[in-house]
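**Student:** Provided below for reference: sequence and predicted model.
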Amino acid sequence: MSNSRCGRSCVLILAAVTGLLSLAFAPQAVAQVAERPVGSAAELMPASSIAFVELAEPGRFVKTVLEHPVRPKFEQLDAWKKATQDRKYLEFQFGLKFLELALGMTWQEAIEVLAGEGICASFDASTQGVAVISRSRDPARLLALRDKLMALAREDAKRKGQPDPYQTHEYRGVTAYGVQGNAFALLGPWLMIVNKGDLGKAIIDRYLDGGGQPETPTAALAFQPRYQAARAGVVKMPTVWLFGDVEALRTAGAARDVFAGKTDNPLGELLIGGLLDILMQAPYTTASFELSASGVNLDLALPYDPGWVTGAREYYFGPGGAGVAASTPEVPETLLSLTLYRDMGKMWRRADELLQDNAAQQLAQANGQLSTLFSGKDFGEEILGVLSPRVRFVATRAPADPAYPRPAIRLPAFALLLEMNEPEMTRREMRRIFQSLIGFLNITGAMNGQPQLELDVEKSDGAELVTSLYIPEAGRDTEGQAKINFNFSPSAGFAGNRFVIASTRGLARQLVSGAAGAQGENTSPPFNTAARLDAGVLRAILHDNREQLVSQNMLSEGRTREEAERQIDLLLSVVGMLRDAGLTLSSADGRLHLDLLVAVRAD
């Protein structure tokens, strides 16, 4: 195989791999530097690193990706087949095979030679530089790999009439190479790449001087107290681990909006507002990413002390941080469930302390409008204030309502599950307010040519339902082509201290009858927030609306029907590879954990 056949793709691959694997200096320079007792890459990184990320076993990570049970499913997708038949992809594959042949090893083997015992990267605040350090299991093979790569790169440059691509640098007996503004060096089994010369010199100093001892000019990240505290929390090394120095970021004045303590919209405050108080006090943060055959898991963690929470944000965590969400209800074909602890009345009343000025003003205006809608009652004090902080939301695939014609677009049913602090005093008022809202919807709907809602009341076994149904218009609302309104039969339900507001009467019945189960018990383990999305139900809902999605894709993207069908079927196929996704926020062992889990279908 001649070099001329390699072409542009081979040159690009060669340049990229050379830049990554030529982190070495001449053999005679290696002999001048004795390996020091440096146990981890963190002993080489500077203590002023504000971000540090580590991939402990690159080979295992690559193997998991290549052998993942989802991979064959991806390879069966038409979009994947089309991409792998593209000329550029084929050129890339040809160049990669040429390079593997020249090196005498596969690219997977090259990764093992380069970083068999891990690879790390950090951002250093003092030099504003980035460092990447990997550790090889076999320095001898690494040198041989270096020789081949550098020879190929130099041969290519010579053939093109270009100068030597490497610039030589010497520092304390160490020879390094510069390539396009970056510097590379080999320190025993350690491979280093930096984009700032001072950062590279500091790393070499720590290697030569034994890892940079604490409280010295060359102090290493490994001896920095915040890093040590973060590392102490690692029980089992995940696929990828990240450390962030939050205290250093605050001190440097970075991310001022985050550390200002206020959000710019009420929904953002409701979802993440409490975390801002913790970020204003936490010394560091960590993230753990785990990849397995069953899916991926991301855990974001912060040190946590309930005493860090301000009075204004007690609504988020509860008194003393003891607020716990209720269990999610068990409803057939649940698409999305969300349960959280939030005292929305307290949040509403203290909006000036929580929201930025514009958002606070908008909320004040909304309060006045809502007060009018709710018969002059103060929305924060007399509406939200009479409800428990335990809030739940559920969305389901809605079964057909026999009283309705089937709409052209089938939307999920959804509901809010609330708990009344004093049900005997609150129930009648909430029922009256709901009936008034239905009347208001009828007035505005009539002005816009919308069908009218008809109220009804159902009572059974201590539960009460106030339901409403749209009245179909003869000859207009035909089966399969009815208006989108016929996805809804707004209803309110009451049972004990439970107060349900649902988009359909069927879902309201399920949630007040007790058939949904788990009505009010605490979550186990005790979460502050928990959410779950069922990908199987999502796919079923998308399939229910496939024809509408295809038509919409044709109109919005200008595609033919065949092209639009392929696009929608691709979406259905990708969603079908997933099982579910979950998000939880909880505290344990002095840390706050935000966990995201995405499970795939391995079968």
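**Tutor:** That came through, no problem.

**Student:** domains of the chain?
**Tutor:** Listed by automatic domain parsing, the domain ranges of the chain are 3-65+97-220, 325-343+389-522.

**Student:** for the record, mean pLDDT for the shortest one?
**Tutor:** It refers to domain 325-343+389-522. Averaging pLDDT along domain 325-343+389-522 gives 88.

**Student:** can you check stretch 266-275 too?
**Tutor:** pLDDT averaged over stretch 266-275 gives 94.

**Student:** centre of the chain to that stretch, how far?
**Tutor:** From the chain centre to the centre of stretch 266-275 is a distance of 16 Å (CA atoms, centre = their mean, to the nearest Å).

**Student:** hang on, the earlier thing: quick one: closest of the domains of the chain to Asn297.
**Tutor:** domain 3-65+97-220 (13.0 Å; CB to CB). The C-beta positions use only the backbone N, C-alpha and C, and glycine is treated the same way.

**Student:** and the residue nearest to Lys196 when sequence neighbours are not counted, how many residues sit next to it?
**Tutor:** Nearest residue to Lys196 in three dimensions, chain neighbours excluded: Gly129, at 3.1 Å (CB to CB, 6 or more residues apart in numbering). Residues near Gly129, counting by other CB atoms under 10 Å, number 20.

**Student:** list the beta-bridge partners for Gly129.
**Tutor:** When bridges are called by DSSP bridges, Gly129 pairs up with Asp124.

**Student:** which residues touch it?
**Tutor:** Counting by CB atoms under 8 Å, 6 or more residues apart in numbering, Gly129 touches Phe123, Val194, Asn195, Lys196, Asp198, Leu199.

**Student:** picking that back up, just tell me which of the domains of the chain ends up closest to Pro283.
**Tutor:** That would be, of those and by CB to CB, domain 3-65+97-220, which comes in at 12.0 Å.

**Student:** averaged pLDDT, the closest one. What do you get?
**Tutor:** pLDDT averaged over domain 3-65+97-220 gives 80.

**Student:** going along the chain, name the helices of the stretch 401-550 of the chain.
**Tutor:** For the stretch 401-550 of the chain, the helices defined by DSSP state H, counting those that start in this stretch cover 423-447, 505-513, 535-544, 546-557.

**Student:** quick one: contacts of the second one?
**Tutor:** Identification of contacts with helix 505-513 by CB under 8 Å, 6+ apart yields 329, 331, 394, 396, 398-399, 401, 413-415, 417, 458, 460-461, 463-465, 467-469, 489, 491-495, 498, 500-502, 516, 519.

**Student:** how about it as CSV, C-alpha atoms only?
**Tutor:** Taking C-alpha atoms only, helix 505-513 is exported to CSV below (Å, rounded to 0.1, in the frame of the first residue of the first chain):
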residue,chain,number,x,y,z
ARG,A,505,-61.8,12.7,34.6
GLY,A,506,-60.5,9.2,34.2
LEU,A,507,-57.1,10.1,35.7
ALA,A,508,-58.7,12.1,38.5
ARG,A,509,-60.8,9.1,39.4
GLN,A,510,-57.8,6.9,39.6
LEU,A,511,-55.9,9.3,41.8
VAL,A,512,-58.7,9.9,44.4
SER,A,513,-60.1,6.4,44.5
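
**Student:** wait, which of the contacts of Gly129 is closest to Thr286?
**Tutor:** Proximity of those to Thr286 was ranked by CB to CB; the top entry is Phe123 with 15.5 Å.

**Student:** skipping adjacent residues, who's closest to that closest one in space?
**Tutor:** Leaving out its chain neighbours, the residue that sits closest to Phe123 by CB to CB, 6+ apart is Ala51, at 4.6 Å.

**Student:** list the strands paired with the helix or strand that neighbour falls within, with their directions.
**Tutor:** Using DSSP states H and E, Ala51 falls within strand 49-55. Using DSSP bridges, the strands paired with strand 49-55 in its sheet are strand 119-124 (antiparallel), strand 240-244 (antiparallel).

**Student:** buried deepest among these, which one?
**Tutor:** Comparing the strands paired with strand 49-55 by mean neighbour count (mean count of other CB atoms under 10 Å), strand 119-124 comes out on top with a mean of 22.

**Student:** what residues does it touch?
**Tutor:** So strand 119-124 is in contact with 41-42, 45-46, 48-55, 58, 129-135, 196, 199, 221, going by CB under 8 Å, 6+ apart.

**Student:** extract the C-alpha set from stretch 440-451 and format it as PDB.
**Tutor:** Taking C-alpha atoms only, stretch 440-451 is exported to PDB below (Å, rounded to 0.1, in the frame of the first residue of the first chain):
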ATOM      1  CA  PHE A 440     -64.300  31.400  33.100                       C
ATOM      2  CA  LEU A 441     -63.000  28.900  30.500                       C
ATOM      3  CA  ASN A 442     -66.500  28.600  29.000                       C
ATOM      4  CA  ILE A 443     -66.700  32.400  28.600                       C
ATOM      5  CA  THR A 444     -63.300  32.800  27.000                       C
ATOM      6  CA  GLY A 445     -63.900  29.700  24.900                       C
ATOM      7  CA  ALA A 446     -67.300  31.000  23.600                       C
ATOM      8  CA  MET A 447     -65.600  34.200  22.500                       C
ATOM      9  CA  ASN A 448     -63.100  32.100  20.400                       C
ATOM     10  CA  GLY A 449     -65.500  29.600  18.900                       C
ATOM     11  CA  GLN A 450     -64.400  26.700  21.200                       C
ATOM     12  CA  PRO A 451     -66.800  24.000  22.500                       C
END
